[in-house]
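[1] I need the structure of the sequence given here:
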Amino acid sequence: MAKIKYIFSDLDGTLLDAEGQLPADLGDLLADLDERGVKFIPSSGRQYAALRCQFAEWADHLTFLAENGSLVMSNNAEVFARTMPRETADEILTYADRNPLAHSVYCGKRMAYVKSRDEVFFAEMRKYFTQFEIVDDFREATDECLKISVCEPLHANAEKNIYPDFERFAKGLQVIVASDYWLDVMVPGSNKGAAVRTLQEKWGIRPEECLAFGDYLNDVEMFEAVGTSYAMENAHPLLKEHATDIAPLHTENGVIETIRELMKEGRI
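    Predicted coordinates:
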């Protein structure tokens, strides 16, 4: 059995605790993984700037799979990006405005752009975007577009209240329910699994050398791209069907505990 050399981990509902904080012992784990020559790669729907802020102590030395796989940065340099044509982004944003429960984010390479001033939306949005600009019209966004994120903060049920409206885009685009609150629309080939496979090709990595942790439907493709996958005990039931194993709850430090156990077994 091949040893695991690359660990891809989702954040919310996976690595982070109930308060959205990193495990207190993450630094010790990263040091131990570094000694073993193992890369730990945060893999999230979050903005790259937000990930750098979250992992500030180690940011200059980590690889980040950001924006649900549409942007990968390593050692603060772009590895690759998949951007959306502006006319496609404008069509999605115009369509989203029809749904009174939807609040859109134009996710650019440099920063995010938001139009809604809704307080409940803002409280949720600021968890994932640390660099953003409030605009009156999305045409003011000057960045290349990585994806359009749509938030449903009132009922926190994007799967029911947002996804059915956007399913019409699924034939030509990636439409992914990223959490109870969020739906992401990206160009084809933009998902965590596609990003993992691109890194495997660029770096000469075998799938069996890769491990992934996740909790939601936007982690399905990532699980399909690796040899070993752990759905958290708190994961969406459909994701568990794609996992090779189940990890303890994210509130019980499930990612760290599982990695430590795999180290003892000699698999890492």
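
[2] CA only for contacts and neighbour counts going forward, please
    OK.

[3] in the stretch 151-268 of the chain, which spans are helices?
    Assigned by DSSP state H, counting those that start in this stretch, the helices in the stretch 151-268 of the chain fall at 158-161, 163-166, 192-203, 220-224, 237-240, 254-264.

[4] before we move on, what about the stretch 1-150 of the chain?
    Taking DSSP H, counting those that start in this stretch, the helices of the stretch 1-150 of the chain run over residues 26-35, 48-54, 86-96, 119-125.

[5] For Asp32, give its distance to Met111.
    With distances taken as C-alpha to C-alpha, to the nearest Å, Asp32 is found 33 Å from Met111.

[6] who's more crowded, these two?
    Shown here are Asp32 and Met111; by other C-alpha atoms under 10 Å, Met111 has more neighbours (21 against 14).

[7] Next, the buried residues of stretch 26-37.
    Leu29, Leu33 (16 or more other C-alpha atoms under 10 Å).

[8] contact partners of that stretch?
    Residues outside stretch 26-37 that contact it (C-alpha atoms under 8 Å, 6 or more residues apart in numbering) are Lys5, Lys39, Phe40, Ile256, Ile268.

[9] Can I get it in PDB? Just the C-alpha atoms.
    Output in PDB follows, covering the C-alpha atoms of stretch 26-37 (Å, rounded to 0.1, in the frame of the first residue of the first chain):
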ATOM      1  CA  LEU A  26      -2.600  22.100  14.100                       C
ATOM      2  CA  GLY A  27       0.900  23.700  14.200                       C
ATOM      3  CA  ASP A  28       2.400  20.600  15.900                       C
ATOM      4  CA  LEU A  29       0.700  18.400  13.300                       C
ATOM      5  CA  LEU A  30       2.000  20.500  10.300                       C
ATOM      6  CA  ALA A  31       5.500  20.300  11.800                       C
ATOM      7  CA  ASP A  32       5.300  16.500  12.100                       C
ATOM      8  CA  LEU A  33       3.900  16.200   8.500                       C
ATOM      9  CA  ASP A  34       6.700  18.400   7.200                       C
ATOM     10  CA  GLU A  35       9.300  16.100   8.800                       C
ATOM     11  CA  ARG A  36       7.700  13.200   7.000                       C
ATOM     12  CA  GLY A  37       7.600  15.100   3.700                       C
END
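
[10] rewinding a little: got CSV for the helices of the stretch 1-150 of the chain, with distance to Lys264 and mean pLDDT too?
    Listed next are these as CSV, based on distance: least, C-alpha to C-alpha, whole Å; pLDDT from 0 to 100:
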stretch, distance to Lys264, mean pLDDT
helix 26-35, 12, 97
helix 48-54, 28, 96
helix 86-96, 47, 96
helix 119-125, 38, 95
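
[11] I'd like to know which of those lies nearest to Tyr163.
    Of all these, it is helix 86-96 that lies closest to Tyr163, at 10.8 Å by C-alpha to C-alpha.

[12] got the CA coordinates for that closest one in CSV?
    Output of helix 86-96 as CSV, limited to C-alpha atoms (Å, rounded to 0.1, in the frame of the first residue of the first chain):
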residue,chain,number,x,y,z
ARG,A,86,-17.7,38.0,-18.1
GLU,A,87,-20.9,37.6,-20.1
THR,A,88,-21.5,34.3,-18.3
ALA,A,89,-21.0,35.9,-14.9
ASP,A,90,-23.3,38.7,-15.8
GLU,A,91,-26.0,36.3,-16.9
ILE,A,92,-25.8,34.4,-13.6
LEU,A,93,-25.9,37.5,-11.5
THR,A,94,-28.9,38.9,-13.4
TYR,A,95,-30.7,35.6,-12.9
ALA,A,96,-29.9,35.5,-9.2
